[in-house]
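# Sequence below, structure please.
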Amino acid sequence: MQKADIVLSILREKSENDEHYKYDRIYRNLFNRDFYLRAYSKIYAKEGNMTAGTDGKTIDGFSKRNIERLIARLKTEEYHPKPVRRTYRKKKSGKMRPLGIPSFEDKLVQEVVRQILEAIYEPLFSENSHGFRPERSCHTALMQIKTTARGSRWAIEGDITGCFDNIDHDILLGILSSKIQDGRFIELIRRFLKAGYYEFHEVKNSYSGCPQGTIISPILSNIYLNEFDRYMEEMIKAVNKGNRKREFPEYKRLYHMRRKARKNGDIEKAKQLLTEMRRIPANDPMDENFIRLKYVRYADDFVIFIDGNKELAYDVKDKITVFLKEKLNLELNADKTLITNLKAGRVKFLGYEIVKSQCDIKITKNVNGETRRTANGKIQLLVPNAVITDKIRKFSSKGKPAAFTARANMPVLDMIQQYNSEIRGLYNYYCLATDVGKKLHKFKYYHYYSLVKTIARKEKSSVAKIIGKYGIDVPRKKGTGTRLLVGVKYRTKQGDQIMTYFNDSLKKVEKPVADISDSYSYYYNKTTQLIVRLNADTCEICGSHENIEVHHIRKLKDIKQKYRKRGKHIPDWVLMMSKMNRKTLVVCEKCHNKIHSGK
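Numbers count the residues shown, from 1 in each chain. Prediction:
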């Protein structure tokens, strides 16, 4: 059989060359062992694989024998996905979001199906869709808004009621069948959709929706909502009109007066008129013969920007409400789908606030020294005040920085690492915001002194003594000189290292950060070391070549601490994993049983 990456590249190429191409005989790719090794290399490192599904099994003990047994069941169509184990995660609003935990066997098959569907549909997806796609992220969605929505007057914040839970199975299977004419492959997806879920010691049927938390859900939801993307693209073509806005009458009048003054040699008057011209728009912002719609979607969240009148905004909202209900059996939440006037309001999308600048037009010079006027109507991305307030509340008490008591028992190095990951994660997400530096510097003050006070609580000392003990001079990011930050020295294979509190720049970033971890090209060329070790068919403990499987652990750090805390001798297999710095060990079945029995 051909290698999985070759098959996927052929599938992808057919979609790129002919968007109307119909696929058949897709199901036979599920008999290719290389697909499962590729899928395993993609998902093995995720900690969630050590959480058991309804069959009580985890990724631990994976072997090529598992793949052969799975393929045999798929060939005879005896494979039936198990119900997902349902759990709940609390949302910021206080409500609970249901998440499904499939068995590892189902995860493996789902990942193979996901890769096939991605190869077929990725070239067909809209440029306005950014969720769960290779080389796209929240940042690429936000940057598309920033670069294309300038001059918009109205915005529609779309909210689909329970989108993932209300996807109509029949409609979804119909959409898939129009592209993939392989009954066995469509039946397999139907079985995943109808597998049901296990909750409160009872198996319940699934009549609609894609279980959130499963591998296959994101690609299926994108295929489903791609119908909405296509509808919006057709609407944009129908609504948009005009090539450019007409000249603003007052600007036009001043322009001709200035030409006349220059012709008459009145330079002072010409300069005065030029100054007046720069204080007013060159084009009429209320030109009814110029209309533009801009649409961006991330998963089930979408926003539409309209350079047109209020009536058009309400008309667009009514039309998408009807389309979603009649074609996709989804409901637009009337209370949460807001129409905002960008002159006075702010749009919330993907955790950012989106505003249109309304400043007076001023004269500035660019980096080349050329005179320009500041852009009025430019889209700005901002950090919401509520985000910073909530973060500060976590590290403060009575308006002052406070110790984080729950972390007082952590080693100082781990504590600094935890604090650094928090502020770095916050900055990495909001780095596109115009006010990211201002907002995060305020948070950084509370965050840093919370760290200092937590160390002081741990060592039952004062803040001044902790700074004296752990203070390290580090270079300032701007200008010259150094600043004092708490930090610790630690030893690595490369020698002594120093970790201090976060000292990176908090300046705005101009380019989006696309998550390429799921990129097609990334995995197209990737061969993981684990697959090489597994294909060697050799136990890494005893050297046996029989019944080879993979031993998995959740965290390498935790397993070492487990033996140290109990005062026990650390086994050779733990030292071997520690030396390789891997959470996996390729072993024979006999050695694997000894590991679990403590022998």
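# From now on I want contacts and neighbour counts done on CA atoms only, so please keep to that.
Will do.
# By residue count, tell me the biggest strand in the chain.
Taking DSSP state E as the criterion, the chain has its longest strand at strand 482-492.
# What strands flank that one, and is each parallel or antiparallel?
strand 471-475 (antiparallel), strand 495-500 (antiparallel) (DSSP bridges).
# possible to save those strands as a markdown table with mean pLDDT?
Formatted as a markdown table, the strands paired with strand 482-492 follow (pLDDT from 0 to 100):
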| stretch | mean pLDDT |
| --- | --- |
| strand 471-475 | 85 |
| strand 495-500 | 86 |
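# Of all those, which one comes closest to I553?
Taking CA to CA as the measure, the strands paired with strand 482-492 were each checked against I553, and strand 495-500 came out nearest at 27.5 Å.
# which residues sit against the closest one?
L413, I416, Q417, I472, L485, V486, G487, V488, K489, Y490, R491 (CA atoms under 8 Å, 6 or more residues apart in numbering).
# And those, which two are furthest apart?
Farthest pair in the contacts of strand 495-500 (CA to CA) is L485 and R491. Separation: 19.3 Å.
# Between the two, tell me which one has more neighbours.
Legend: neighbour count by other CA atoms under 10 Å for L485 and R491, higher for L485 (20 against 9).
# Look up which residues are beta-bridged to the more buried one.
Bridge pairing for L485 (DSSP bridges) gives the partners I472.
# try the one 4 residues further on
In this structure, K489 has beta-bridge partners I498, where bridges are defined by DSSP bridges.
# what number of residues lie near it?
The burial count for K489: 12, using other CA under 10 Å.
# With K75 instead?
Neighbour tally, K75, other CA under 10 Å: 13.
# filter the contacts of strand 495-500 to the buried ones?
I416, Q417, I472, L485, V486, G487, V488 (16 or more other CA atoms under 10 Å).
# pLDDT below threshold where in the stretch 101-250 of the chain?
Applying pLDDT under 70 to the stretch 101-250 of the chain picks out no residues at all.
# those strands in it, which residues are they?
In the stretch 101-250 of the chain, the strands defined using DSSP state E, counting those that start in this stretch lie at 154-159, 197-199, 202-204.
# Could you give me the buried positions within the second one?
This means strand 197-199. So, applying 16+ other CA under 10 Å, buried residues of strand 197-199: Y197, Y198.
# next one: phi and psi at N66?
The phi/psi pair for N66 (degrees, to the nearest 10) reads phi -60, psi -40.
# which residues touch it?
With CA under 8 Å, 6+ apart as the criterion, no residue contacts N66.
# how close does it get to R184?
22 Å (CA to CA, to the nearest Å).
# I'd like to know how many residues surround the closest residue to Y255 other than its chain neighbours.
If the residues on either side of it in the chain are set aside, Y255 comes closest to M277, at 7.3 Å by CA to CA, 6 or more residues apart in numbering. Each residue near M277 was counted by other CA under 10 Å, and the total is 19.
# for M277, what are its contacts?
M277 touches Y251, L254, Y255, counting by CA under 8 Å, 6+ apart.
# most neighbours, which of the residues you listed?
When neighbours are counted by other CA under 10 Å, Y251 leads these with 21 neighbours.
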